[in-house]
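>>> would you be able to build a 3D model of this:
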Amino acid sequence: MDELSNGIVDRLDAASAAFLNSSGLVKASPMGMGLYRIEPVGKVGSVRTSTVQLDVRPKDRLGLSRLLFLLSYAGNQGFRNDSVAAAEDRDLWSALAESLAQLAERALGRGVLQGYLNVDESLRTVKGRIRISDQISRRPGMLVPLEVSYDEFTEDIAENRILRAALERMGKVPGVRPEVLSRLRQLKGKLDAVTHLPSGAPLPPWSPSRMNVRYQAVLRLAELILRNASAEAGEGKQQTASFVVDMAQVFEDFVGAALRGAMAAYPGELRLQYNALLSEAVDDADRLSVRPDAVHLLGGRPVVVYDAKYKAASDLGASLSADHYQMLAYCTALRVPTAWLVYAGSGEVKLRRILNTDIDVVEFPLDLSRPPSEILAAVADLARQSWGEVVRASRAGG
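Residues are numbered from 1 along each chain as shown. As a prediction, the model looks like this:
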């Protein structure tokens, strides 16, 4: 179903209905006779069991590649347009599994990456350096064993731990095509000497470098899978898998990250999630505040404000008036003349002058169905136009 649809009615068993409700992707309400009304709740993704699969697709039928681009760019400032590739498929799980297999095969084609890992151990001989403070606190007056630290050249590094965890998780998804599942298992077998990451454990940090260039694309995808997907396949349990994301949050994060990069070309500083007071009060607890998605400051003073709205004015449930009331409050609290309302959708840039004020609200559509390079070019155009308004306002005021 589409994320903006009114839902569907279908027959479910109680266990499947409970799983759908727990997934956070949809709401399944009983109607009697084994029928349930299944309605989207503002998230997109896919959930699957051995008997049920439900997909909630982003509006405008965005494919997996575009979704992964938005997720990746928002989470990584060093992201390149080609950092995450994805095989398109009507079935999200097939696309994810095939994409992971392809990128992992490319990464491991020249062997498993090795690197230096810092190891702390108790040894009877000196290796590396002695940790004097640990030696004194743990073994006062003893010469052996010694508390030492050394660097070991090994396969058991963060990059391989992340890749192994993603391969394991995708290998538990029910219904993955046998030939793809076989490839995932073979790839995971190359990493059997690598430490297993328990489900829910924080991902170990890694940094892009010349040494891990061939791993970077698969690591971007692996991190997205581990952060957004879950899969269980245990004895006595139903095999289940979930990939659920909040598109409104994804869009907000993407616009903030892309706009921060674009506005770096101009004087001043862009701040995300900027807090500002809206009202005065004797008691601090009674003061109202606003928090626009992004504010650009010049000399420490706000000069332009931005807010990202995933739902465009034409979307079901969107409120154009409410959005403009909010932008009016931002401009008033920050004392800036122009606010930029960034919608996810197609259309033309539209300026609305608010009656009886000197405030303009500019509706700026961002078409997510376009190629990534064009989406980023549109954000750069947003930065250029908004900075141009700041310059014009400054000249008019001067």
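>>> show me how far the helix or strand encompassing residue 270 is from its chain's centre.
Per DSSP states H and E, residue 270 falls inside strand 269-272. Once both centres are worked out by C-alpha atoms, centre = their mean, to the nearest Å, strand 269-272 turns out to sit 19 Å from its chain's centre.
>>> adjacent strands (with direction) for the following helix or strand past that strand?
Beyond strand 269-272 in the direction of the C-terminus, DSSP H and E gives the next helix or strand as strand 276-277. Strand 276-277 pairs in its sheet with strand 289-290 (antiparallel), by DSSP bridges.
>>> so who does residue 188 touch?
With C-beta atoms under 8 Å, 6 or more residues apart in numbering as the criterion, the residues that contact residue 188 are 164, 167-168, 171. C-beta: built from backbone N, CA, C; applies to glycine.
>>> among those, which ones are buried?
Burial by neighbour count, judged by 16 or more other C-beta atoms under 10 Å, picks out 164, 167-168, 171 from those.
>>> packing partners for the longest helix seen in the chain?
The helix spanning the most residues in the chain, taking DSSP state H as the definition, is helix 372-397. The contact analysis (3 or more C-beta pairs under 8 Å, 6 or more residues apart in numbering; DSSP states H and E) places helix 372-397 against helix 64-75, helix 247-263, strand 294-298, strand 301-309, strand 338-344, strand 360-366.
>>> TSV for these, including distance to residue 190?
Converted to TSV, those look like this (distance: least, C-beta to C-beta, whole Å):
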stretch	distance to residue 190
helix 64-75	24
helix 247-263	32
strand 294-298	43
strand 301-309	41
strand 338-344	40
strand 360-366	41
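>>> shaky segments in the stretch 51-200 of the chain?
61, 75-91, 119, 123, 128, 132, 135, 148, 150 (pLDDT under 70).
>>> what's the closest residue to residue 302 other than its chain neighbours in contact with, if anything?
Nearest in space to residue 302, with sequence neighbours left out and distances taken as C-beta to C-beta, 6 or more residues apart in numbering, is residue 334 at 4.2 Å. With C-beta under 8 Å, 6+ apart as the criterion, the residues that contact residue 334 are 276, 292, 295, 302, 305.
>>> quick revisit: the strand holding residue 270 pairs with which strands?
Within its sheet, strand 269-272 is paired with strand 294-298 (antiparallel), according to DSSP bridges.
>>> check the offset of the strand it pairs with from the chain's centre.
Its chain's C-alpha centre and that of strand 294-298 lie 23 Å apart, by C-alpha atoms, centre = their mean.
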